[in-house]
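S.K.: what follows is a predicted protein model with its sequence.
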2 protein chains.
Amino acid sequence: MALIVHKYGGTSMGSTERIRSVAQRVAKWARAGHQMVVVPSAMSGETNRLLALAKELMANASTPEALRELDAVAATGEQVSVGLLALALQAQGLQAVSYAGWQVPIHTDTAYTKARISSIDDQRVRADLAAGKVVVITGFQGLDPQGHVTTLGRGGSDTSAVAVAAALKADECLIYTDVDGVYTTDPRIVPEARRLTTISFEEMLEMASLGSKVLQIRSVEFAGKYRVPLRVLSSFTPWDIPIDEEAQSGTLITFEEDEKMEQAVVAGIAFNRDEAKISVIGVPDKPGIAHQILGPVAEANIDIDVIIQNVSHDGRTDFSFTVPRGDYARTMEVLKAKVQPAIGAAELRGDPKICKVSIVGIGMRSHVGVASKMFRTLSEEGINIQMISTSEIKTSVVIDEKYMELAVRALHKAFDLDQPATEEH
Amino acid sequence: MALIVHKYGGTSMGSTERIRSVAQRVAKWARAGHQMVVVPSAMSGETNRLLALAKELMANASTPEALRELDAVAATGEQVSVGLLALALQAQGLQAVSYAGWQVPIHTDTAYTKARISSIDDQRVRADLAAGKVVVITGFQGLDPQGHVTTLGRGGSDTSAVAVAAALKADECLIYTDVDGVYTTDPRIVPEARRLTTISFEEMLEMASLGSKVLQIRSVEFAGKYRVPLRVLSSFTPWDIPIDEEAQSGTLITFEEDEKMEQAVVAGIAFNRDEAKISVIGVPDKPGIAHQILGPVAEANIDIDVIIQNVSHDGRTDFSFTVPRGDYARTMEVLKAKVQPAIGAAELRGDPKICKVSIVGIGMRSHVGVASKMFRTLSEEGINIQMISTSEIKTSVVIDEKYMELAVRALHKAFDLDQPATEEH
């Protein structure tokens, strides 16, 4: 008997028919002898509907008082879900009870619309589990120290599920979603892309943040911090497939580095075409210049991703970085108005039509030549590399957007990702 | 400066446009210097939508566990309303904060779907009012001693508003609704029906329970118990009518009996055509017979209203009563199967086509001849009275359904209800 947490997304909860199917799946696990906690999202579309109503009454909610009300409204979507799912479980003949975040309680800070979980009181839930009940807990929300409802931001239900699993020291947290696991890259671009049966926590962080959006990144961080075994699997399999088969499906996110060392060097290829590149040319190479350039951009609330500073010639250097493509024009304006005159840069160059392609793999730490193999592969395809950025477990390049698919396919093949290299992969 | 509670029904909260209008009306009162608490219902249709979803997952929720989940789901409708209204108030430039029942908290018993308020903690609300905030509180719900969400049953938001007004010792509780007050009778039947500017608490109880459904009956009982001045008024007046005019509109439910004594004897004419009459003929007149007849009916969960037992002749009597028309056939079955054979009644007679017409007035207590004037009026119209039932402040007759309108009009005229008899009425 194990203590298992299931998390279901909004699509899985999208209709009463689907909620019934979720209940049947959970019942299968409960009847196999497991203690079950379920964290469902709001029914698909519900959170958007609620926020749209709020927006009609206040176009730009920004004060803490207004954000507090937004959270109170948005949190009701999950509160409906948990009650409905508990009813569906009871209709299956199980004992079930639902709790809103404030009832557990799930304690958070006071950062409305993007609160962070500080602690979870597990007493009430443990008592219910001991009494043989399935416990259904709202995702996405908690209670701040002053007794106000907070929400965790979009995708926060993943984080809720992992946090609940951590608090209960669950044996595994299963995230049911509309994909059947984590792939070596996007199968829409590389049909040979394979599902990974395991991926390390660090690789998952890099894959998620680089655009393979399977799990909310904060939930992966949380799982890493508390070492919660996390599995991403499909909610579209029939609910009555054998439990042993289901328990082995999807992708398991592991914390067992030693096992991984002998596996494939590169776990997957991530990519992102939502960025734009900006270069500030002919910058005086002196202390404080990076802050002078990027400070005004950050103040304008623009996220900066890759940053490159070249070696200098004659006391002058070039400084390049990428920003979200939607912020490209605004960034150029900020630079023209506040940066170029102040630092005396010769020129501003921008290119919104770029993309970032990354190879990710924990094995890169102990294997030399991985990056150079990446560069050689791209070179053989005639693809020019505009920027390079490296970390211990990933290497990213910025290239012309039009070469993205070609680059991803070539790299996927070069690193043998279409071959099940080891049993683990 | 006064402390005022406003209650708005689902129609008033039916769209963001209407919520904005509610906010403008509340803002008008707040700017006039009043401390304001607002209790809105769920947006119209929302509670039904939520309960329909629940019903799809469990057709007949009846266990405490299932009813608990029903309440958790249904309570979210008002939780959305309060957040949206608080935002709309903030958009008007006011300080506003919303609370769900559990946040106030409004304490109730554990009778899910029909809980009763036991107490209200006023500390949090008083602190907000003192800080100049408009406080928006969910109707319809509370928190039981175990920390579960409960609902008060249909129309419960009226009760919530009155209970909040009682706890805060508010100067007045204004119930905004889709009628502009309490009338001497239904204007659809008697075009000359007048709106009452005041009505006594006891009269209101009789009018409400007899079918003039303006306020939930429990809210009137609550107002009576705690002597909360209660005003029913229209939510369809423009929000920007002068506040003095609005404050005097509608119907005020009073507790000042002495003032009422000199007023019209009859306050209004109530009626109900949703009943059926059943007579058990030739019953042995001996102790326990009423229980033998009505016990099995009550056990079948059928509500009994008027009950008449005639004087006996030769040791036998006739026993008549009314039941909801929808339960007529079932009642006859119960009587045939369980009662008639057991007590040896000669005959069962039923008539589903009856109606009940009542005159209601606190002045009847000190005026003789009111009932006989009623009987004479009906007699002059050739209307046969089948049953008579009296209390201190009302007299009801059961007559053939086809004479209902005629009877109501004739009584309305006979008691001068189309004339403003005193200034107060």
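M.R.: Looks like it came in fine.

S.K.: so who does whichever residue of the stretch 301-425 of chain A sits closest to chain B touch?
M.R.: Scanning the stretch 301-425 of chain A for proximity to chain B using C-beta to the nearest C-beta identifies A:Asn301 as nearest, at 22.9 Å. Glycine gets a C-beta too; all of them are placed from N, C-alpha and C. Under the criterion of C-beta atoms under 8 Å, 6 or more residues apart in numbering or on different chains, A:Asn301 has no neighbours.

S.K.: next secondary structure element downstream of the lowest-mean-pLDDT helix or strand in chain A?
M.R.: Within chain A, confidence by mean pLDDT, DSSP states H and E is lowest for helix A:257-261 among all helices and strands, at a mean of 51. Downstream of helix A:257-261, the first helix or strand assigned by DSSP states H and E is strand A:268-272.

S.K.: what's in contact with the helix or strand just after that following strand?
M.R.: Toward the C-terminus, strand A:268-272 is succeeded by strand A:275-284 as the next helix or strand (DSSP H and E). With contact meaning C-beta under 8 Å, 6+ apart, strand A:275-284 is reached by A:289, A:293, A:305-306, A:315-325, A:327-328, A:331-332, A:335, A:339-340, A:343-356, A:386-387, A:398.

S.K.: and strand A:275-284, how far out from the chain's middle?
M.R.: 29 Å (C-alpha atoms, centre = their mean, to the nearest Å).

S.K.: next, the buried residues of it.
M.R.: A:Glu275, A:Ala276, A:Lys277, A:Ile278, A:Ser279, A:Val280, A:Val283 (16 or more other C-beta atoms under 10 Å in any protein chain shown).

S.K.: helix or strand for A:Lys413, just tell me which one.
M.R.: Residue-wise, A:Lys413 maps onto helix A:404-414 under DSSP H and E.

S.K.: so where is chain A shaky, pLDDT-wise?
M.R.: Counting by pLDDT under 70, chain A has low-confidence residues at A:209-213, A:256-264, A:420-425.

S.K.: tell me the residues of the stretch 301-425 of chain A that contact chain B?
M.R.: Contacts of the stretch 301-425 of chain A with chain B, taken as C-beta under 8 Å from any C-beta of the partner chain, are absent.

S.K.: where exactly do the helices run in the stretch 301-425 of chain A?
M.R.: For the stretch 301-425 of chain A, helices defined by DSSP state H, counting those that start in this stretch occupy the ranges A:328-334, A:340-343, A:370-380, A:404-414.

S.K.: which elements pack onto the first one?
M.R.: In this case it means helix A:328-334. Contact here means 3 or more C-beta pairs under 8 Å, 6 or more residues apart in numbering or on different chains; DSSP states H and E; on that basis helix A:328-334 packs against strand A:275-284, helix A:289-299, strand A:347-351.

S.K.: which parts of the stretch 51-200 of chain A are strands?
M.R.: Here the stretch 51-200 of chain A has its strands, by DSSP state E, counting those that start in this stretch, at A:96-99, A:106-108, A:117-120, A:134-137, A:141-143, A:149-151, A:172-177, A:198-200.

S.K.: tell me the most buried of the helices of the stretch 301-425 of chain A?
M.R.: Comparing these on average neighbours per residue, with mean count of other C-beta atoms under 10 Å in any protein chain shown, the densest one is helix A:404-414 at a mean of 20.

S.K.: send the alpha carbons of that one over as CSV?
M.R.: Extracted in CSV, the C-alpha atoms of helix A:404-414 (Å, rounded to 0.1, in the frame of the first residue of the first chain):
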residue,chain,number,x,y,z
MET,A,404,14.7,25.9,-36.4
GLU,A,405,13.1,22.7,-37.6
LEU,A,406,16.2,21.7,-39.6
ALA,A,407,18.4,22.2,-36.5
VAL,A,408,16.2,20.3,-34.1
ARG,A,409,15.9,17.3,-36.5
ALA,A,410,19.6,17.2,-37.2
LEU,A,411,20.5,17.4,-33.5
HIS,A,412,17.9,14.8,-32.6
LYS,A,413,19.5,12.4,-35.1
ALA,A,414,23.1,13.3,-34.3
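
S.K.: by how many degrees do that helix and helix A:370-380 diverge?
M.R.: With axes from the mean of the first three to the mean of the last three C-alpha atoms, to 10 degrees applied, the angle from helix A:404-414 to helix A:370-380 works out at 130 degrees.

S.K.: check which helices and strands helix A:404-414 is in contact with.
M.R.: By 3+ C-beta pairs under 8 Å, 6+ apart, helix A:404-414 packs against strand A:268-272, strand A:354-360, helix A:370-380.

S.K.: and of the ones you listed, who's closest to B:Ala247?
M.R.: strand A:268-272 (61.2 Å; C-beta to C-beta).

S.K.: buried residues, that closest one. List them.
M.R.: For strand A:268-272, by 16+ other C-beta under 10 Å, it's A:Gly268, A:Ile269, A:Ala270, A:Phe271, A:Asn272.

S.K.: just the closest of those residues to chain B, please.
M.R.: Scanning the buried residues of strand A:268-272 for proximity to chain B, where the rule is C-beta to the nearest C-beta, the winner is A:Asn272, at 35.0 Å.

S.K.: what about stretch A:317-336, how long is it end to end?
M.R.: Using C-alpha to C-alpha, to the nearest Å, the end-to-end distance of stretch A:317-336 comes to 18 Å.

S.K.: what does it rub up against?
M.R.: A:273-283, A:285, A:289-290, A:293-294, A:296-297, A:300, A:302-311, A:348, A:350, A:352, A:354, A:356, A:387, A:398.

S.K.: now a ChimeraX select for only the buried ones of these.
M.R.: The ChimeraX command for the buried members of those (criterion: 16+ other C-beta under 10 Å) is given here:
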select /A:275,276,277,278,279,280,283,285,289,293,294,296,297,302,304,305,306,308,309,350,354,356,387,398
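
S.K.: which stretches of the stretch 101-250 of chain A form helices?
M.R.: Shown for the stretch 101-250 of chain A, the helices assigned by DSSP H, counting those that start in this stretch span residues A:123-130, A:156-167, A:201-209, A:217-226, A:243-247.

S.K.: single out the most deeply packed of the ones you listed.
M.R.: The stretch of these with the highest mean neighbour count (mean count of other C-beta under 10 Å) is helix A:156-167, at a mean of 28.

S.K.: between that one and strand A:172-177, how many degrees?
M.R.: Helix A:156-167 runs at 170 degrees relative to strand A:172-177, counting by the same axes, to 10 degrees.

S.K.: which elements pack onto helix A:156-167?
M.R.: Secondary-structure packing of helix A:156-167 (3+ C-beta pairs under 8 Å, 6+ apart): strand A:3-8, strand A:35-40, strand A:106-108, strand A:117-120, strand A:141-143, strand A:172-177, helix A:217-226.

S.K.: what residues does that helix touch?
M.R.: A:5-7, A:9, A:37, A:39-41, A:78, A:101, A:106, A:117, A:119-120, A:122, A:125, A:137-142, A:152, A:170, A:172-173, A:175, A:215-216, A:218-219, A:222-223, A:225-226, A:228, A:230.

S.K.: I'd like to know which of those are buried.
M.R.: Buried among these by 16+ other C-beta under 10 Å: A:5-7, A:9, A:37, A:39-41, A:78, A:101, A:106, A:117, A:120, A:125, A:137-142, A:152, A:170, A:172-173, A:175, A:215-216, A:218-219, A:222-223, A:228, A:230.

S.K.: quick one: furthest residue from the center of chain A?
M.R.: For chain A, the residue at maximal distance from the C-alpha centroid (C-alpha atoms, centre = their mean) is A:Asp314, at 43.3 Å.

S.K.: was I right about A:Arg126 contacting A:Leu168?
M.R.: Yes - using C-beta atoms under 8 Å, A:Arg126 is in contact with A:Leu168, at 7.2 Å.
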